[in-house]
Structures are given as structure tokens and as C-alpha cells.
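K.L.:
could you look at this predicted model? Sequence included:
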Number of protein chains: 2
Amino acid sequence: MSIELWYWPQIPGRGEFVRLFCEAFQLDYTDMAREQSADALVEHMHSLEGIRPFAPPYIVDDEVVIGQTALILQYLSDKEGLGSGEMEIDLQLFQLQLDIADFVEEIHSVHHPVANELYYADQMEAAFEKAAHFRGQRIPKYLIHFDNALAANGGPFMLGQQPTHVDTSLFQIMEGLDYMFPNYMKEMQGTWVNLEGLQGAVPEIEPLADYLASERRMEFNEDGIFRHYEELDEQ
Amino acid sequence: MSIELWYWPQIPGRGEFVRLFCEAFQLDYTDMAREQSADALVEHMHSLEGIRPFAPPYIVDDEVVIGQTALILQYLSDKEGLGSGEMEIDLQLFQLQLDIADFVEEIHSVHHPVANELYYADQMEAAFEKAAHFRGQRIPKYLIHFDNALAANGGPFMLGQQPTHVDTSLFQIMEGLDYMFPNYMKEMQGTWVNLEGLQGAVPEIEPLADYLASERRMEFNEDGIFRHYEELDEQ
């Protein structure tokens, strides 16, 4: 049975991390709200009972109904036997995926430092100040962390030659940062060489290359997590 | 062998979620940096190689070295057989623990909306604005989510009569919010009755009662996640 993925149809957002993994490893999934509508997603989410997802993305896989991007990816990876085969290593991959989730949350808060429910235009001052700290401190702290982890097995992927869910997610992080902070990322080129290697290697995973060239691959936009606002990328 | 818990010794912080679980279920753990020092933690963290934790808390349990509070709790719960015994339900508990982790991150960002590395005094204006939105929108959104989930099995705990890692964590959330926003939480009393029931039931878990009455239980303070600043609790 096809795995149901439920996520907002208008943005790549957190759903794209699930899509990239499913596409790279050819999992049978249906992108429900893109087949139907955003209204269908809201309706479906409200129809769930008991312990429910806090927010999209979430998946429905027979009896399993879970939210949280990192958990979805680890669950699918376990189920399909796409991990390392060693518990200690799989836990570390899960930890990295949770580090990525934290980074994604921080990336979103750059343009929404005061409140999710306010427009960017209503919190630009704090966002401008936050972006400077984010470029100066947080991006390097996270990317050094991931770059060092990649070095552990010699690259290009986290486990060496075998790609996992962590690699498709780190690819999306690097693509998103290039979109959001083009000046900054250009200036920093050559700093995180293992991540740059990964960014080149992931799109060569064959089924993923097809996806990235297709219309299914959504472009980044200013309703999503990675938004390009020139003033937040000033040096 | 005793599980090593590594976390900052001066604050309850994220480490307290691990402590509460270990104490409630009488797991053999050693609170390394409280036995040694903050310097020992920094030194130990830097001595780790390969795929490393991004930040404390992390645990060392023989070959397993992992960070991320939610992952630590789920790992220990699995290892000790303290879950539901059903994969679908354990995944939902994990999801709830990840929802809690997101909430904790948002709670911290109330007093640090612009940058972690700035003092509160240097971002008070944005914090004041953020706190109003946080009380008005985010606390209700999260607490309704957890309250509804608790209702699913009739309480007082998430699985009914059996306490799990999610319950000790939600207890800490409620205690922390009472400390951080006493006026707001008093005004809202009676709104989230299932969470209030849990907050009363968790300290009656016998080994936990001993811990909470001991000197090992750290008080909330203004270096931690839950900080009481009067101006952020104004109605």
C-alpha cells in the first residue's frame, strides 16, 4: 500500500525532506494534498483522533500515523532497511536528522523572530538583527558540525559510499541556504568542503536526478522556510 | 554499567527531562558534570570523535553516544522496556516527545528571540513583543494538543494508568510554565484539566517523589530555559 504523505501543497517546506528521501530510494508514496488540496489536508488532520500529529508533515502507513519530519524519515528508513544495519550508527543518524530539524526551525525563525502568525514585514527590524547573528554564529556552528560528521567516514555521504536519509536532508539544507543567503554562501565557498561534496553527490543518485528535473520538484519561495530577502543577506 | 549523562551542572535545562525519567523509573545513571564540573563536560564533549552530539545533554551507554533529549528518552525507554509494547503507540509517544522538544525550543526563544549569544537585556524589546504572542497563541496551541492527547486514554498519564517518558516531560513543562508565567498560568487554571491532572499525578510516582524532595532536584533559574521575567508575564 502506498504511504500517504500529508503536507501543504504550496511550499517545499518540511515536506520536501520526506519527498527527497522517498524519491531517492523509490518508496511508494502519495503526496495527498498535492493530489487533492490544502483544504483536504486541514480536513484530514482534523479527522484524526487520539494522539495526533502537531502539524504537517505527517504520514499514514496502515496503522502508523506520525508527524515530525525526523521521526518519519527514521521510521521509513528502518522499515525499508535503508539504515546502516547497526543500532549505534542508526541512532547517530537519527540524532543528525534531529539536529537538522533544530536547524530548520532556527532558519525559519530568522524571518519570523517575534511570531509565526505575524507577517515578515511586521518583524523586519528584529529579523535584520537576527540574520546578522545567524550568519555570523549559527550557520557556521551547524555546518561545521555536519561537515565534521561527514569527514568521519570519508564522504561523500554520511556513511561513506552509502546514501541515507541524512544525506538527502543535508542536500536540501545546502540548497536552501544557497537560495536564502546567496552572497553569504558564495563568500563562504570552500569552508565546508565535505558538505559541498555531498551537495554535488546527492543529485547524482539516479532516481533523485529524475525527480529534481521533474515538475514535481518545487522551487523555493517566500512562503516557505528558506526565503530570500536581500536585506537579510547583506554583508 | 551506569549510564553517563552529560549536561551543564548549573541549570535544570534539557538535562532535567532525562533526570526526571531516570529517577521515576530508577535507571542507574551518573550525572557526570555535576559529579565533576562544567569544564569536564566541555573537555569530554571535545574528546568525542566521529558523529558527535551537537550539544548537551548527551549520554554514553557503552557503545551508544547520542545527543537530543527526545532521542535519549526514547532510547532509554526502549532499552528498559518502559514503552507501550506496541510499535505504533511507541512511535506516537516519540512524536509527542519531539513536540515537547519543539515547544522547549520556542519557550527558550521567548527570552532570546534575536540571538542565543546576546544577553536578555539586549533583546528585551523583541522578547516583550514575542511573549505576548507566545502567551496568546503558542502556549494554548501546544497545551491543547497535549491535553487532547491525554484525553485519548482517560489519564492521568498518556497511556492511562501507565506512566512513560512523555509524562515526566510534560510534568516538567507544566512546572516550568508555572515558574515562567505565574500570572498567565493562574488565569488559565481549569483550561487544560488533563495536564493539571498529570501535573498532580507524576509527583506521586514514588521514586520520583523522593527525587523531587531531594537536593538533587534543581530549582528553575534565570540562566535556564524557563526564566521568570515579570515583564514577560504581564496581562
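P.N.:
Received the coordinates, thanks. Numbers count the residues shown, from 1 in each chain, chains lettered A, B, ... in the order given.

K.L.:
does chain B have contacts with the longest helix along chain A?
P.N.:
With DSSP state H setting the assignment, residue counts place helix A:87-111 as the longest helix in chain A. Yes. Using C-beta under 8 Å from any C-beta of the partner chain, helix A:87-111 comes into contact with chain B via A:87-89, A:91-96, A:98-99, A:101-102, A:105, A:109. Where C-beta positions appear, they are placed from N, C-alpha and C, glycine not excepted.

K.L.:
next SSE after that helix?
P.N.:
Moving toward the C-terminus from helix A:87-111, the next helix or strand (DSSP states H and E) is helix A:124-133.

K.L.:
when you scan that following helix, is anything in it near chain B?
P.N.:
Yes. Contact check for helix A:124-133 against chain B, using C-beta under 8 Å from any C-beta: residues in range are A:126, A:129-130, A:133.

K.L.:
what is that helix packed up against?
P.N.:
In this structure, helix A:124-133 packs against helix A:87-111, with contacts taken as 3 or more C-beta pairs under 8 Å, 6 or more residues apart in numbering or on different chains; DSSP states H and E.

K.L.:
buried set for the helix it packs on?
P.N.:
In terms of neighbour count (16 or more other C-beta atoms under 10 Å in any protein chain shown), helix A:87-111 has its buried residues at A:89-111.

K.L.:
now do it against helix B:87-111, angle only.
P.N.:
What separates the directions of helix A:87-111 and helix B:87-111 is an angle of 40 degrees, with axes from the mean of the first three to the mean of the last three C-alpha atoms, to 10 degrees.

K.L.:
so what does helix A:87-111 touch, helix or strand wise?
P.N.:
Packing contacts for helix A:87-111, counted by 3+ C-beta pairs under 8 Å, 6+ apart, involve helix A:69-79, helix A:124-133, helix A:139-151, helix A:165-180, strand B:64-67, helix B:69-79, helix B:87-111.

K.L.:
neighbour-wise, which of the residues of helix A:124-133 next to chain B leads?
P.N.:
A:K130 (26 neighbours; other C-beta atoms under 10 Å in any protein chain shown).

K.L.:
could you check the pLDDT of that one?
P.N.:
As predicted, A:K130 sits at a pLDDT of 98.

K.L.:
isn't it up against B:V114?
P.N.:
Yes. Here A:K130 reaches B:V114: they are 4.9 Å apart, a contact under C-beta atoms under 8 Å.

K.L.:
hey, what's in contact with both of the two?
P.N.:
With contacts defined as C-beta atoms under 8 Å, 6 or more residues apart in numbering or on different chains, the residues adjacent to both A:K130 and B:V114 are A:P113.

K.L.:
now the end-to-end length of stretch A:48-60.
P.N.:
Across its full length, stretch A:48-60 reaches 11 Å end to end, with C-alpha to C-alpha, to the nearest Å as the criterion.

K.L.:
what residues sit buried inside it?
P.N.:
A:51-60.

K.L.:
next: stretch A:20-39.
P.N.:
Using 16+ other C-beta under 10 Å as the test for burial, stretch A:20-39 gives A:20-25, A:27, A:29-34.

K.L.:
what is the burial count for A:M1?
P.N.:
Neighbour count of A:M1, defined by other C-beta under 10 Å: 8.

K.L.:
just list the residues touching it, thanks.
P.N.:
Taking C-beta under 8 Å, 6+ apart as the definition of contact, the neighbours of A:M1 are A:28, A:61-62.

K.L.:
same thing but 10 Å
P.N.:
Going by C-beta atoms under 10 Å, 6 or more residues apart in numbering or on different chains, A:M1 touches A:28, A:30, A:60-62.

K.L.:
which of those fall in strands?
P.N.:
Assigned to strands by DSSP state E, the following of the contacts of A:M1 qualify: A:30, A:60-61.

K.L.:
which ones among those residues also lie next to chain B?
P.N.:
Cross-checking these against chain B (C-beta under 10 Å from any C-beta of the partner chain) gives A:D61 as the overlapping residues.

K.L.:
just the C-alpha atoms of stretch A:2-13, please, in CSV.
P.N.:
Provided in CSV are the C-alpha atoms of stretch A:2-13 (Å, rounded to 0.1, in the frame of the first residue of the first chain):
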residue,chain,number,x,y,z
SER,A,2,1.2,3.5,-0.9
ILE,A,3,2.4,5.6,2.1
GLU,A,4,0.3,8.7,2.4
LEU,A,5,2.3,11.9,2.9
TRP,A,6,0.3,14.9,4.1
TYR,A,7,1.8,18.3,3.7
TRP,A,8,1.0,21.8,2.5
PRO,A,9,0.9,21.7,-1.4
GLN,A,10,2.2,25.3,-2.0
ILE,A,11,5.7,25.2,-0.4
PRO,A,12,8.6,22.7,-0.3
GLY,A,13,8.9,23.3,3.4
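
K.L.:
would you mark the buried spots in it?
P.N.:
Along stretch A:2-13, the positions that meet the burial threshold by neighbour count (16+ other C-beta under 10 Å) are A:3-9, A:11-13.

K.L.:
just stretch A:192-203 next, same as before
P.N.:
By neighbour count on 16+ other C-beta under 10 Å, the buried set for stretch A:192-203 is A:192, A:194-195, A:198-199, A:201-202.

K.L.:
kindly indicate which of those residues lies nearest A:H44.
P.N.:
Lowest distance from A:H44 to the buried residues of stretch A:192-203 (C-beta to C-beta) belongs to A:V202, with 30.8 Å.

K.L.:
give me the neighbour count for the spatially closest residue to the closest one that is not a sequence neighbour.
P.N.:
What sits nearest to A:V202 in space, not counting adjacent residues and going by C-beta to C-beta, 6 or more residues apart in numbering or on different chains, is A:F171, at 3.8 Å. By other C-beta under 10 Å, the residues close to A:F171 number 24.
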